[in-house]
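Take a look and give me a structure for this.
(2 chains)
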Amino acid sequence: DTGVSQNPRHKITKRGQNVTFRCDPISEHNRLYWYRQTLGQGPEFLTYFQNEAQLEKSRLLSDRFSAERPKGSFSTLEIQRTEQGDSAMYLCASSLAGVRSTDTQYFGPGTRLTVL
Amino acid sequence: DQQVKQNSPSLSVQEGRISILNCDYTNSMFDYFLWYKKYPAEGPTFLISISSIKDKNEDGRFTVFLNKSAKHLSLHIVPSQPGDSAVYFCAASGNYGGSQGNLIFGKGTKLSVKP
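Below you'll find the predicted structure:
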């Protein structure tokens, strides 16, 4: 089963360090989304790509965050100069988008980030 | 301001009975609604969805009802099983303004099904 995969599953880092997460979507999916989830909350949208183009970014995505999807396949999310408030589960989802917005997003297992 | 609200943080149901999870939304531009199930330390798993042109969608034990005039949807699980114990998230999306399908989630309802 080639679902959405994310690596690493867990990351512990010290405040001020840079971290990078990887997401491999379902192979034929053209849209890829990043979300962040903190304790007691639902996932919150960060950004999304259609193929290699980054089409939308949330105001939650500060300048320290950058995402790429260079060949329209896998994506990376980098956080520079991590802060304790960045501690969260980072979720990736992918979908096969048609003409309408009604595409179902399938999520990966997430990367749990802990900033000490 | 929360656009998708799940007002019950938790729900406890006896095995074999019906579980009803509720969700309210405020944005009339939402046109697609989804329910996800989440176990601890895992990503959300898609359960069932409904388009705004419908008022009911059924898949096995799971049925979602949409009341657009009330901006309310509900997920019915019949019969409930212990394996259904998880956190359930309601999510909504729409193609409006700069938004092209990113999901807005509620805070979730933790369902416990007791044997």
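
C-alpha only now, for contacts and for neighbours.
Will do.

ok, now which ones touch residue B:27?
residue B:3 (C-alpha atoms under 8 Å, 6 or more residues apart in numbering or on different chains).

Now name the helix or strand holding the spatially most central residue of chain A.
Here the mean C-alpha position of chain A is nearest to the C-alpha of residue A:34 (C-alpha atoms, centre = their mean), at a distance of 2.9 Å. Using DSSP states H and E, residue A:34 sits within strand A:31-37.

Now do that strand: which elements does it pack against?
strand A:44-50, strand A:88-95 (3 or more C-alpha pairs under 8 Å, 6 or more residues apart in numbering or on different chains; DSSP states H and E).

Pick the most deeply packed of those strands.
Of the helices and strands packed on strand A:31-37, the one with the most neighbours on average (mean count of other C-alpha atoms under 10 Å in any protein chain shown) is strand A:88-95, at a mean of 26.

which other residues reach it?
Contacts with strand A:88-95, where a contact means C-alpha under 8 Å, 6+ apart, come from A:4, A:6, A:23, A:25-26, A:29-39, A:43, A:103-114, B:43.

May I see the helices and strands packed on strand A:31-37 organised as JSON lines, with distance to residue B:88 added?
Converted to JSON lines, those look like this (distance: least, C-alpha to C-alpha, whole Å):
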{"stretch": "strand A:44-50", "distance to residue B:88": "15"}
{"stretch": "strand A:88-95", "distance to residue B:88": "16"}
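
what's the closest of those strands to residue B:56?
Smallest distance to residue B:56 across the helices and strands packed on strand A:31-37 (C-alpha to C-alpha): 22.9 Å, for strand A:88-95.

what angle do the lowest-mean-pLDDT helix or strand in chain A and strand A:31-37 make?
In chain A, no helix or strand scores lower on mean pLDDT, DSSP states H and E than strand A:53-57, which sits at a mean of 89. Note on geometry: by axes from the mean of the first three to the mean of the last three C-alpha atoms, to 10 degrees, strand A:53-57 and strand A:31-37 are set 30 degrees apart in direction.

Can you tell me, leaving aside adjacent residues, what's nearest to residue B:53?
Take residue B:53 and drop its neighbours on the chain: the residue closest to it by C-alpha to C-alpha, 6 or more residues apart in numbering or on different chains is residue B:31, 8.0 Å away.

I appreciate the help and will end here.
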